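K.L.:
Prediction below, plus the sequence it came from.
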Amino acid sequence: MMLDQMVYVAAVTVLAVIEQAYFSLQVIYARRKYSVSPPCIAGPPEFERVYRAQVNCAEYFPLFVSILWVASLYFSQVVAPLCGLLYLYGRYQYFHGYAQSSHGRLAPMYFSARVLWILIGFSTVGVLSDLSKIYFGVAFLQGLKVFLRSYWIPF
């Protein structure tokens, strides 16, 4: 596999790191705004929502990045990064929704969870296809890719 084929997933990964840094900066700003000094994590509800939103996003970050790369390597270098962008959009909406109110986090949380499960599904299909090719000589995903490319669908 050539590195130029992985540029999309690399770009989404860098964007994800920037998003995490942005979330962390929002906690720093909230600490200053609501006078909550480190290492304290308790404060006004407005601060606690920003803090929890950042921590929740950070908790899912390793899962997202690892499954994004597996889906890109074994499923599609185009589809997986597109899903990655959708996931990052969902987490951005989640963060700001949660910062406004606890209820504001729900719709974006469900959206980003769906996208994450889609990436997990793509990863599973891709890895199983490669294992099938190695052990049984049948690459079922390869046939699907050929079919989709015949209709000009990038895969």
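P.N.:
Cool, the structure landed. Numbers count the residues shown, from 1 in each chain.
K.L.:
which other helices and strands contact the helix or strand hosting Val14?
P.N.:
In the assignment (DSSP states H and E), Val14 maps to helix 7-34. Applying 3 or more CB pairs under 8 Å, 6 or more residues apart in numbering; DSSP states H and E, we find helix 7-34 packed against helix 45-74, helix 79-100. Placement of C-beta: from N, CA and C, glycine included.
K.L.:
Tell me the buried residues in the helix or strand just after the shortest one?
P.N.:
It refers to helix 79-100. Using DSSP H and E, the helix or strand that follows helix 79-100 in sequence is helix 106-136. Under the neighbour-count criterion of 16 or more other CB atoms under 10 Å, helix 106-136 has 108-109, 111-112, 115-116, 118-119, 122-123, 125-127, 129-130 buried.
K.L.:
returning to what we had before: among the helices and strands packed on helix 7-34, which is the most enclosed?
P.N.:
The highest mean neighbour count among the helices and strands packed on helix 7-34, using mean count of other CB atoms under 10 Å, belongs to helix 79-100: a mean of 20.
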